[in-house]
Every structure is written in C-alpha cells, then in structure tokens.
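Chemist: below: sequence and its predicted model.
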Amino acid sequence: MPTKPDVTSAGAPLPAGEPIVAIRDLNVHFALRTNSLSRLVGGSAGSVKAVDGVNLDLAPGEVLGLVGESGSGKSTLGRALLGLVRPTGGSIRYRGRELVGLSESTMRPLRRNLQMVFQDPGASFNPSMTVGGAIADALRIHGLFPGKGERRAAVATALERVGLAPAGRFIDKYPAELSGGQKQRAVIARAIALGPELLVADEPISMLDMSVRAKILGLLDELKRDLGLTYIYITHDLASARFFCDRIAIMYLGKIVEIGPTEQIFEEPRHPYTKALLRAVPDPDPSRGVARDLPRGEVPDASDPPAGCPFHPRCSQAFAPCGWQARDLPMILEQRWTEVPPDQYADESAIAGDLTIEEPAPQVALVKPGRGPAEDLLDLLEQERRRDPDEPLWTGVVGMGVDGGAVRMEFVPRAVPRLLPVAGTSVEVSCHLYHEPVPEQ
Ligand SMILES: Nc1ncnc2c1ncn2[C@@H]1O[C@H](COP(=O)(O)OP(=O)(O)OP(=O)(O)O)[C@@H](O)[C@H]1O
C-alpha cells in the first residue's frame with residue numbers, strides 16, 4: 001500500500017503554515033428546475049445556495065469537523081472539494097493548485113489524493129463484485145500495481161490495515177456477506193489503498209450499529225496518525241466530533257457561522273446556533289432525559305433564506321439589526337395561536353389570512369389582511385406586541401400603521417454578519433453579538 005502518494009507532489013512536506021487546502025468565497029448554488037411554462041414567460045425559479053461564501057484553510061494532518069443540521073451544506077462542501085459537484089463560484093486550492101474549473105479528466109488522477117468515505121457502506125460497493133475485486137479495480141483505474149499478483153497483495157495489505165484480517169477471509173467475499181462495520185472497514189481500505197492524503201468522511205458511522213461506531217472512529221484516528229492523513233469529518237453528531245476533531249466548523253444554510261478549536265467550541269460556544277446545538281446533545285445519562293432545547297422553528301428553505309443573519313428567525317438572542325422582515329410574522333402569530341382559545345384563534349387567523357406581503361422599498365413591508373379592514377390586522381399585531389414585548393422581532397420594527405388597505409411596517413436597516421475573529425481567541429464567529437453590525441447598503 002503506498003503511504004507516500006506521488007501525484008502532484010502529494011505527501012511532500014508543505015512549507016510551515018501553508019494549508020493543504022485553501023477554500024475562498026466558495027459557492028455551490030443549485031439552479032431550481034423551472035417548468036417550460038415559467039421559462040416561456042421569463043420566470044426564474046431561483047437557486048438553492050447549498051454552499052454560500054465559504055472560506056476555510058485546512059492544515060496538513062488536522063481533523064476538521066463540519067457540523068450542522070440536515071441541509072446546512074456539509075456534504076455539498078465536501079463533495080465540491082473532491083470535484084463531485086461543480087462550484088458556481090470561488091476557489092479551492094489543493095497544495096496551491098486550483099481545483100475549481102478542472103475538467104473531469106484532469107481531476108480524476110487527483111482523486112487518488114482526495115478520497116471520500118460515504119455514510120452508507122452498502123451503497124459504496126457494486127453488489128456483484130467481491131470486495132477485493134472492487135479495491136483492485138480502484139488501484140487498476142489509478143494505474144497502481146499493474147501486475148495482478150501485486151495488486152492482490154496490495155488489496156490484502158489494505159484489508160488487514162483496516163482490521164479485516166486475515167485478508168484471505170474477506171478478499172473474495174461479496175459486500176452482502178459482510179456486516180455493516182466490516183463493509184465500512186472495506187470502504188476505508190479502498191480509500192487508503194490509493195495512498196490519499198485527505199479523506200472526506202461523510203457521516204461514516206451514522207448508519208452503523210452503536211457497538212461498532214467507536215471502533216470505526218478509532219480506526220480512522222489510528223490511520224490518521226500512521227499514514228499522516230488530513231480529514232474533513234462531516235457529522236450531525238457533536239459527541240463524536242468532540243472526540244475526533246481538532247477544529248470544528250458549524251454550518252447553517254450554506255455558511256460557516258462559527259469555527260475554532262474543538263475544546264474552545266465546546267467550552268465556550270459563541271454563536272447562538274452553536275449554543276443551541278450543544279444544548280440539544282442528548283445526555284449520556286438516560287435518567288436525566290433528553291434536552292430538547294433546539295432553536296425554534298424549522299431550518300428555513302435554502303432557496304429563500306432569511307435576510308440579514310440567516311439564523312435570526314430562530315435565534316433567542318436576535319436583536320434589531322439581525323434582519324427582521326414581515327415574513328417573520330407568521331411564526332410569531334402561530335406561537336400566539338397555540339396559547340389562545342379556539343374561537344379567538346378562528347377569528348384572528350381569518351383576519352391575518354395568508355399575510356400577503358409586498359416590499360415596496362428596502363426595510364418597508366405592506367402586509368394585507370385576509371379579511372376585514374387593515375385596522376383589524378394592525379390591532380392584532382399591536383396586541384401581540386403588548387403581549388410579548390420581549391419577542392426579538394419587535395426590536396426590529398421601527399414603525400407600524402395603516403397604509404391604504406394594508407399594514408405598513410418599517411424595519412431597522414439590516415446587517416449581514418461576517419465570519420470574523422473573536423478577540424483573544426482562535427475562534428471566528430458570524431454574529432452581531434460579537435462584532436459591530438454594518439447595515440446593508
Ligand atoms: N444536487 C442537488 N440539487 C439541488 N439541491 C441540492 C443538491 N444537493 C444538495 N442540494 C440542496 O442543498 C442544500 C444542502 O444540502 P447538503 O446535502 O449539502 O446538506 P447537509 O448538511 O450535508 O445535509 P445532510 O446532513 O442531510 O446530508 C439542501 O437544501 C439540499 O436540498
């Protein structure tokens with residue numbers, strides 16, 4: 001098994017302080033499909049900003065955890081790094097070499113150095129090929145070990161290296177004949193057989209039995225030390241990230257919202273989203289129950305993210321400049337309606353209707369009532385403001401009154417937070433609680 005890859009100087013020591021991977025302003029936006037009718041009338045369906053303006057340096061030999069709820073863009077970022085999805089903007093440099101825009105044929109040999117381990121080991125192998133055959137095939141494709149005999153020996157070495165020993169017991173087995181843990185070991189064997197220096201491990205243990213998860217993580221840890229690997233470890237699971245990672249990047253709606261050394265993130269999380277994620281980690285002691293203190297509401301639609309800070313509608317510490325909009329109102333009213341008698345709910349929800357919103361100018365919204373005059377809707381909103389004056393949305397409302405048949409709302413100019421260092425720490429956070437908000441132009 002080659003431990004020192006020889007493609008594009010991989011494995012050679014990098015100058016001190018030089019990252020192995022440098023990602024700048026990376027975007028991966030997926031165009032939403034339009035139907036032919038909307039194309040005819042010039043309609044645009046917009047895009048999902050799966051990765052949106054990500055900057056990241058990866059030091060050789062480090063384990064960086066990408067953590068966040070489903071849909072935050074973790075897998076897309078990992079896949080973009082390996083050229084498995086095409087970025088729509090920005091740069092990914094591997095050992096100084098730009099990867100964005102490389103043709104598939106130029107990228108292919110580099111994949112020997114940059115390997116991925118996926119979540120589902122069952123889907124990672126062709127079921128009609130033996131495990132040994134699949135690993136040998138990967139070696140053959142990359143032109144390694146041209147002789148059949150030496151290839152089989154390299155496969156056996158890789159299998160034994162991941163704990164599938166003696167290799168003779170496993171090499172001619174079909175994937176279906178292996179347990180989940182054994183299959184994931186075989187996937188890892190295939191990756192390391194190529195002599196990579198960077199492994200993107202995308203939820204590598206989440207589909208495995210609890211009993212084998214720690215063993216697989218232990219194996220990855222051991223391989224990192226023995227083979228000098230660098231990892232990106234993608235997970236929902238903060239407990240495993242704490243065990244395994246040197247640094248953690250917390251992602252939300254395509255952006256990194258906090259990044260720093262693992263211990264600093266766990267000891268003193270700063271972004272309200274990181275705090276909420278950490279509070280939601282189940283306590284290992286079942287008698288103490290499971291914390292369910294997740295941020296309110298759902299993860300918003302990535303094709304139409306909230307203005308300002310994308311986390312603001314769910315954030316308990318949001319304040320005036322965070323990006324309040326009239327479209328945040330339904331969430332407030334829905335909360336109100338969980339606490340009022342049924343006939344009051346029926347009446348008020350008819351007044352509010354679908355809350356049709358127009359935005360004639362930045363920071364201005366006209367909200368149309370569902371039924372009756374705009375005065376009734378204004379009255380409902382004022383009542384709600386008096387009932388719950390501490391609700392963060394109201395900090396962003398500077399004016400509210402009737403304008404024609406609608407309620408006109410004016411909001412504080414919003415500011416988009418940027419990922420910036422927190423003084424005196426190695427942590428960067430993207431939150432107005434830590435840096436002076438700069439209003440949008
Ligand atoms: N090929 C695609 N076409 C369109 N949208 C996509 C595509 N791949 C991902 N997305 C969207 O991009 C966003 C980010 O998805 P991604 O899978 O990267 O998130 P994730 O954090 O890895 O989630 P999970 O933990 O569930 O895997 C989601 O809104 C997803 O629906």
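Modeler: Received the coordinates, thanks.

Chemist: list the contacts for H435?
Modeler: Contacts for H435 (C-beta atoms under 8 Å, 6 or more residues apart in numbering) come out as P417, R418, L420. For every residue, glycine as well, the C-beta is placed using N, CA and C.

Chemist: separation between the residue most central in space within the chain and R190?
Modeler: Nearest to the mean C-alpha position of the chain, by C-alpha atoms, centre = their mean, lies K74 at 3.0 Å. As judged by C-beta to C-beta, to the nearest Å, K74 and R190 stand 22 Å apart.

Chemist: returning to that earlier point: surely the residue nearest to the centre of the chain and L64 touch.
Modeler: No. Between K74 and L64 there is no contact under C-beta atoms under 8 Å: 11.1 Å.

Chemist: what parts of this structure come near the ligand?
Modeler: Contact residues (C-beta under 6 Å from any ligand atom) of the chain with the ligand: 30, 48, 50, 68, 70-76, 236, 302.

Chemist: return the member of those nearest to E375.
Modeler: A302 (37.0 Å; C-beta to C-beta).

Chemist: and the next helix or strand past the lowest-mean-pLDDT helix or strand in the chain?
Modeler: Across the helices and strands of the chain, mean pLDDT, DSSP states H and E gives its lowest value to helix 36-40, namely a mean of 58. Downstream of helix 36-40, the first helix or strand assigned by DSSP states H and E is strand 47-58.

Chemist: buried sites along that next one?
Modeler: Buried residues in strand 47-58, counted by 16 or more other C-beta atoms under 10 Å: V48, K49, A50, V51, D52, G53, V54, N55, L56, L58.

Chemist: quick one, phi/psi of G405?
Modeler: Here is the backbone geometry of G405 (degrees, to the nearest 10): phi -90, psi 20.

Chemist: which phi and psi does the nearest residue to it once chain neighbours are set aside have?
Modeler: Nearest residue to G405, sequence neighbours excluded (C-beta to C-beta, 6 or more residues apart in numbering): A374, at 5.5 Å. Phi and psi for A374, reported as degrees, to the nearest 10, are phi -60, psi -30.

Chemist: for the one 4 residues further on, same thing?
Modeler: Dihedral angles phi and psi of L378 (degrees, to the nearest 10) take the values phi -60, psi -40.

Chemist: excluding sequence neighbours, find me the nearest residue to it.
Modeler: Closest residue to L378 apart from its sequence neighbours, by C-beta to C-beta, 6+ apart: V407 at 4.9 Å.

Chemist: show me the contacts for the one you found.
Modeler: Taking C-beta under 8 Å, 6+ apart, we find V407 in contact with L366, V367, P369, A374, L377, L378, L381, M400, G401.

Chemist: quick one: buried ones out of these?
Modeler: With burial judged by 16+ other C-beta under 10 Å, the buried subset of the contacts of V407 is L366, V367, P369, A374, L377, L378, L381, M400.

Chemist: nearest to the ligand, of these?
Modeler: Distance to the ligand across these (C-beta to the nearest ligand atom) is lowest for V367, with 27.6 Å.

Chemist: Three-state assignment for the closest one, please.
Modeler: Secondary structure for V367, judged by DSSP: H, G, I helix; E, B strand; the rest coil, is strand.

Chemist: distance of it from F411?
Modeler: Counting by C-beta to C-beta - V367 and F411 are separated by 12 Å.

Chemist: save the buried ones among the contacts of V407 as a markdown table, and put in pLDDT too.
Modeler: What follows is the buried ones among the contacts of V407, written out as a markdown table (pLDDT from 0 to 100):
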| residue | pLDDT |
| --- | --- |
| L366 | 96 |
| V367 | 96 |
| P369 | 95 |
| A374 | 96 |
| L377 | 97 |
| L378 | 97 |
| L381 | 97 |
| M400 | 97 |
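
Chemist: what's the closest of those residues to G181?
Modeler: Using C-beta to C-beta, V367 comes nearest to G181 of those, at 54.9 Å.

Chemist: hmm, back to that, type out the PyMOL command that picks the buried ones from the contacts of H435.
Modeler: To isolate the buried members of those in PyMOL, using 16+ other C-beta under 10 Å:
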select buried, resi 417
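
Chemist: in strands, which of the contacts of H435 fall?
Modeler: Among those, the subset assigned to strands under DSSP state E consists of L420.

Chemist: ok, so of the contacts of H435, who is nearest the ligand?
Modeler: P417 (19.9 Å).

Chemist: find the residue closest to the closest one in space, skipping its chain neighbours.
Modeler: Per C-beta to C-beta, 6+ apart, closest to P417 is S430, 4.5 Å.

Chemist: which residues touch the one you found?
Modeler: For S430, the contacting residues are K255, I256, V257, E258, H271, C309, P417, R418, L419, L420, by C-beta under 8 Å, 6+ apart.

Chemist: phi, psi of it?
Modeler: phi -110, psi 90.

Chemist: distance of it relative to D328?
Modeler: With distances taken as C-beta to C-beta, S430 is found 19 Å from D328.

Chemist: same deal with V412?
Modeler: Noted for V412: a distance of 13 Å to D328, by C-beta to C-beta.

Chemist: these two touch, right, V100 and S91?
Modeler: Yes. At 5.6 Å, V100 counts as touching S91 under the criterion of C-beta under 8 Å.

Chemist: can you name the residues that contact A176?
Modeler: By C-beta under 8 Å, 6+ apart, the residues touching A176 are P127.

Chemist: check it and give its pLDDT.
Modeler: As summarised for this prediction, A176 has a pLDDT of 95.

Chemist: mind listing the strands for the stretch 51-200 of the chain?
Modeler: Using DSSP state E, counting those that start in this stretch, the strands of the stretch 51-200 of the chain run over residues 63-67, 89-94, 97-98, 114-117, 198-202.

Chemist: packing partners of the second one?
Modeler: Using 3 or more C-beta pairs under 8 Å, 6 or more residues apart in numbering; DSSP states H and E as the contact criterion, the elements in contact with strand 89-94 are strand 21-31.

Chemist: same check on the fourth one?
Modeler: Strand 114-117 sits against helix 74-81, helix 180-193, strand 198-202, with contacts defined as 3+ C-beta pairs under 8 Å, 6+ apart.

Chemist: how does it look with 10 Å?
Modeler: helix 74-81, helix 180-193, strand 198-202, strand 230-235 (3 or more C-beta pairs under 10 Å, 6 or more residues apart in numbering; DSSP states H and E).

Chemist: turn those into TSV, including mean pLDDT and distance to M129.
Modeler: As requested, these are exported to TSV (pLDDT from 0 to 100; distance: least, C-beta to C-beta, whole Å):
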stretch	mean pLDDT	distance to M129
helix 74-81	96	23
helix 180-193	95	11
strand 198-202	96	22
strand 230-235	96	26
